[in-house]
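Asks: from the sequence below, what's the structure:
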Amino acid sequence: MDLSFKRDVLLFINTLINSSMDMEERIELRADMIYGGVLECFERLKALDVDTGEMSDEQYDLEMQIQLFETVMHTDNEEAVHMYKG
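Replies: You can find the predicted model right below:
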(Lines give C-alpha, C1' and ligand atoms only; values in the text may rest on other atoms or scores of the structure.)
Protein backbone atom coordinates (compact mmCIF):
# COMPACT_ATOMS: atom_id res chain seq x y z
CA MET A 1 0.00 0.00 0.00
CA ASP A 2 1.44 3.35 -1.04
CA LEU A 3 0.47 5.73 1.74
CA SER A 4 2.56 8.54 0.24
CA PHE A 5 0.45 8.45 -2.92
CA LYS A 6 -2.79 8.42 -0.90
CA ARG A 7 -1.53 11.34 1.19
CA ASP A 8 -0.65 13.28 -1.96
CA VAL A 9 -4.08 12.61 -3.50
CA LEU A 10 -5.80 13.80 -0.32
CA LEU A 11 -3.50 16.83 -0.18
CA PHE A 12 -4.61 17.65 -3.74
CA ILE A 13 -8.28 17.19 -2.82
CA ASN A 14 -7.93 19.41 0.26
CA THR A 15 -6.09 22.06 -1.75
CA LEU A 16 -8.72 21.97 -4.49
CA ILE A 17 -11.63 22.27 -2.06
CA ASN A 18 -10.10 24.71 0.42
CA SER A 19 -8.74 27.08 -2.23
CA SER A 20 -12.29 28.24 -2.93
CA MET A 21 -13.30 31.36 -1.04
CA ASP A 22 -16.99 30.45 -1.57
CA MET A 23 -18.26 28.30 1.30
CA GLU A 24 -21.13 26.89 -0.76
CA GLU A 25 -18.72 25.78 -3.47
CA ARG A 26 -16.51 24.08 -0.86
CA ILE A 27 -19.53 22.29 0.58
CA GLU A 28 -20.64 21.19 -2.89
CA LEU A 29 -17.17 19.90 -3.85
CA ARG A 30 -16.85 18.10 -0.54
CA ALA A 31 -20.33 16.58 -0.97
CA ASP A 32 -19.25 15.16 -4.33
CA MET A 33 -16.26 13.54 -2.64
CA ILE A 34 -18.45 12.16 0.15
CA TYR A 35 -20.93 10.79 -2.38
CA GLY A 36 -17.96 9.10 -4.08
CA GLY A 37 -17.10 7.30 -0.84
CA VAL A 38 -14.25 9.32 0.62
CA LEU A 39 -15.51 9.01 4.21
CA GLU A 40 -15.60 5.21 3.95
CA CYS A 41 -12.03 5.31 2.62
CA PHE A 42 -11.03 7.45 5.60
CA GLU A 43 -12.42 4.85 7.99
CA ARG A 44 -10.43 2.09 6.30
CA LEU A 45 -7.26 4.18 6.41
CA LYS A 46 -7.79 5.05 10.07
CA ALA A 47 -8.19 1.34 10.84
CA LEU A 48 -4.64 0.81 9.56
CA ASP A 49 -3.34 2.84 12.52
CA VAL A 50 -5.16 0.56 14.93
CA ASP A 51 -4.03 -2.61 13.17
CA THR A 52 -0.34 -1.75 13.11
CA GLY A 53 -0.14 -0.20 16.58
CA GLU A 54 2.50 2.26 15.39
CA MET A 55 2.15 5.16 13.02
CA SER A 56 4.74 5.72 10.30
CA ASP A 57 5.53 9.21 9.02
CA GLU A 58 3.40 8.51 5.95
CA GLN A 59 0.46 7.38 8.10
CA TYR A 60 0.85 10.48 10.29
CA ASP A 61 0.86 12.80 7.26
CA LEU A 62 -2.16 11.00 5.82
CA GLU A 63 -3.99 11.26 9.16
CA MET A 64 -3.28 15.01 9.22
CA GLN A 65 -4.85 15.39 5.76
CA ILE A 66 -7.89 13.39 6.86
CA GLN A 67 -8.23 15.59 9.95
CA LEU A 68 -7.93 18.72 7.81
CA PHE A 69 -10.70 17.49 5.47
CA GLU A 70 -12.97 16.65 8.40
CA THR A 71 -12.22 19.79 10.43
CA VAL A 72 -12.86 22.21 7.56
CA MET A 73 -15.96 20.21 6.60
CA HIS A 74 -17.41 20.61 10.10
CA THR A 75 -16.46 24.29 10.22
CA ASP A 76 -18.14 24.97 6.87
CA ASN A 77 -21.23 23.01 7.89
CA GLU A 78 -21.55 24.92 11.17
CA GLU A 79 -21.07 28.23 9.36
CA ALA A 80 -23.74 27.27 6.82
CA VAL A 81 -26.19 26.39 9.59
CA HIS A 82 -25.62 29.75 11.30
CA MET A 83 -25.82 31.63 8.01
CA TYR A 84 -29.13 30.08 6.99
CA LYS A 85 -30.62 30.10 10.49
CA GLY A 86 -30.31 33.73 11.17
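Asks: ok, longest helix in the protein?
Replies: Longest helix in the chain, counting residues (DSSP state H): helix 57-85.
Asks: so which bits of it are buried?
Replies: In terms of neighbour count (16 or more other CB atoms under 10 Å), helix 57-85 has its buried residues at 59, 61-63, 65-66, 68-69, 73, 76. To be clear about C-beta, it is placed using only N, CA and C from the backbone, and glycine gets the same treatment.
Asks: lowest-confidence entry in those residues?
Replies: Lowest model confidence among the buried residues of helix 57-85 falls on Gln59, which carries 87.
Asks: ok, the closest residue to Ser4 other than its chain neighbours - contacts?
Replies: Leaving aside its chain neighbours, Ser4 sits nearest to Glu58 (5.3 Å; criterion: CB to CB, 6 or more residues apart in numbering). Under the criterion of CB atoms under 8 Å, 6 or more residues apart in numbering, the contact partners of Glu58 comprise 3-4, 7.
Asks: closest to Tyr84 out of these?
Replies: Within the contacts of Glu58, the smallest distance to Tyr84 is 34.1 Å, found for Arg7 (CB to CB).
Asks: neighbours of the closest one, just the number please.
Replies: Arg7 is flanked by 21 other residues according to other CB atoms under 10 Å.
Asks: surely it touches Leu62?
Replies: Yes: counting by CB atoms under 8 Å, Leu62 is a contact partner of Arg7 at 4.3 Å.
Asks: any weak-confidence spans in the protein?
Replies: Residue ranges of the chain with pLDDT under 70: 1, 49-53, 86.
Asks: if anything else comes up later, I'll come back, but that's it for now.
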